[in-house]
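Visitor: requesting a structural model of the entry that follows:
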Amino acid sequence: MSVVSSLPLDLAGEQCPLCLDPLSEFIDLTQRQCKHIVCTACFHAGEKASGYCNNACPVCRVPCVASTRNNASLVTHFPATKQLMAVSKEKRKGDESRGRLPREGPSLGFERAGAGADKRVEDPERPSKKKKVQEKRADKEDGGFTFANRGDVRRLGISVPTGDAHTCLPDATWPLIKHVLPSTKLTLETIRRSISRADSRDPNFSMAKTFVGGYGLDLHYDRRLNNPRALFRQRDGAYLVQLQLFTDVGIDYHYVAYLAATGHVIDNHPRAKVPVVDDIDRSTNKLAIKVFAQLFPGAQRVHMKAVSELSKVGQRSHFIERIVPSIVPPTTRSTPATFDDLFVELYHDKYISLDELNEIVPILD
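Guide: Residues are numbered from 1 along each chain as shown. Predicted structure coming up:
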C-alpha cells in the first residue's frame with residue numbers, strides 16, 4: 001500500500017475520534033481497514049484493552065481485524081517521518097505540475113530518484129568517508145613518487161643521459177661521476193668509448209669499476225642494500241643499480257642511477273621522465289619496487305639485482321681509519337701496523353673474505 005495514495009494530505013481540522021486530539025503529519029497515525037484514521041497511541045490502547053483487536057471503529061463501527069489468514073496486514077501504520085516524506089513528495093509533484101521548480105537543496109534530506117524511490121541527497125563537493133579511505137588506499141598502492149621532466153632535472157645541475165639499452169651502464173655511471181666530482185669535465189661520449197667492448201656485447205660491471213678507478217673513485221658493492229626499501233632509505237650517496245627484467249622473450253639486465261640526496265632515479269630512455277622518490281615509497285618493498293617497475297611497462301616483473309655505491313677512495317680510507325682500530329686489537333710489534341696488515345688480520349679473523357681482501361689491498365697501495 002502506497003503511503004502517498006492512502007494518506008489524506010489535508011489533515012487540517014481533523015481530530016482523532018478517540019482522544020479528540022488534532023491529527024497532524026508530525027505525529028504517528030494508524031489507518032484501519034475501513035480507511036478511517038486514528039492516532040497510533042489510541043489504536044494500541046484499544047488493541048491492548050480488547051486483547052484480539054476486535055473493537056469496532058469509533059466512526060463506522062466496523063470491527064477491526066488486524067490480519068487475514070495469510071497474515072496479510074489490514075492495518076497500516078504511518079510514523080511521523082513517513083508523513084513528512086509523503087507530504088513533501090506530494091507537494092513537489094504539485095509544484096512541478098504547476099510549472100514551479102522545487103527549491104534548491106535537499107528537502108527533508110530526500111529527493112525524487114525515479115519510480116517513487118527515495119534517495120538521500122549527498123553533497124558532491126563533500127566526499128564521503130568511504131570515498132576518502134578508498135582514495136587514500138589507492139594513493140598508497142600507487143606509491144608516493146612523482147615525475148619530473150628531464151629538462152627540469154638538468155636545470156637543477158643533474159646530468160640526465162639519453163641512450164639505448166646497450167649503453168645503460170656507461171649512461172648510468174656518468175651522472176654518478178658528475179655528482180661525486182662536480183668540477184670534472186668528463187663527457188658522456190668519453191665514458192661510452194671507455195666502457196665498451198670491441199664486439200656487440202654489452203659492457204660489464206668490472207669495466208665500469210676499472211674506469212672510475214682511474215679518477216680516484218670506487219664502485220663498491222654494498223650487500224646491505226639488498227632490497228629497494230633499504231636503498232631508498234639512504235639519504236646520501238650515489239648508487240649504481242642493476243635491475244633484472246623478466247620479459248616475454250627472457251631475462252634482461254639494465255642499469256640506472258640513484259641519487260639519494262635528491263631522490264632522483266635516472267634512466268637513459270629518451271622519453272622517460274625522472275621519478276622522484278617520496279617517503280611513502282620508503283615504507284615497504286612493494287611500494288619501493290614500483291618506482292623501478294614504472295620505467296619498464298613492458299616487463300612482467302622487475303627485480304633489483306645489485307647496488308654499488310660510487311665514492312672517492314679517500315673517503316673510504318677515512319672510514320677504514322675510523323672503524324678498523326675498534327675491530328682489530330693492537331699488535332705487539334715494534335713497527336706501526338699498515339692498512340695492509342690490518343686487513344690481513346681481518347681476513348685471518350674471518351671478518352672479510354679473500355675476494356674482499358684482494359679488492360681492498362690494491363686500492364690502498
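Visitor: how near is residue 168 to residue 202?
Guide: Residue 168 sits 8 Å away from residue 202, going by C-beta to C-beta, to the nearest Å. In short, each C-beta sits where N, CA and C put it, glycine included.
Visitor: compare those two (neighbour count), which wins?
Guide: Taking other C-beta atoms under 10 Å, residue 168 and residue 202 do not tie; residue 168 has more neighbours (23 against 18).
Visitor: and that one, what does it touch?
Guide: 202, 254-256, 267-268 (C-beta atoms under 8 Å, 6 or more residues apart in numbering).
Visitor: equivalent analysis for residue 304, please.
Guide: 227-228, 231, 241-244, 289, 292.
Visitor: mind listing the strands for the protein?
Guide: Counting by DSSP state E, the chain forms strands over residues 29-31, 37-39, 76-78, 110-112, 118-120, 146-148, 217-221, 238-247, 250-259, 264-266, 274-276, 301-312, given from the N-terminal end onward.
Visitor: how about those, which one is nearest residue 18?
Guide: Distance to residue 18, taken as C-beta to C-beta, is lowest for strand 37-39 among these, at 5.7 Å.
Visitor: what about that closest one, average pLDDT?
Guide: When the per-residue pLDDT values of strand 37-39 are averaged, the result is 82.
Visitor: what pairs with that strand, parallel or antiparallel?
Guide: The sheet places strand 37-39 alongside strand 29-31 (antiparallel), with pairing taken from DSSP bridges.
Visitor: if you count neighbours, what's buried in the partner strand?
Guide: Along strand 29-31, the positions that meet the burial threshold by neighbour count (16 or more other C-beta atoms under 10 Å) are 29-31.
Visitor: related to what we said a few turns ago, ok, of the contacts of residue 168, which one's closest to residue 209?
Guide: Residue 209 has its nearest neighbour among the contacts of residue 168 in residue 255, at 12.7 Å by C-beta to C-beta.
Visitor: now the end-to-end length of stretch 256-275.
Guide: Its start and end residues considered, stretch 256-275 measures 12 Å (C-alpha to C-alpha, to the nearest Å).
Visitor: same question, stretch 21-38
Guide: Its first and final residues considered, stretch 21-38 spans 10 Å by C-alpha to C-alpha.
Visitor: would you mark the buried spots in that stretch?
Guide: Applying a neighbour-count criterion of 16+ other C-beta under 10 Å, one finds 23, 25, 27-33, 37-38 buried in stretch 21-38.
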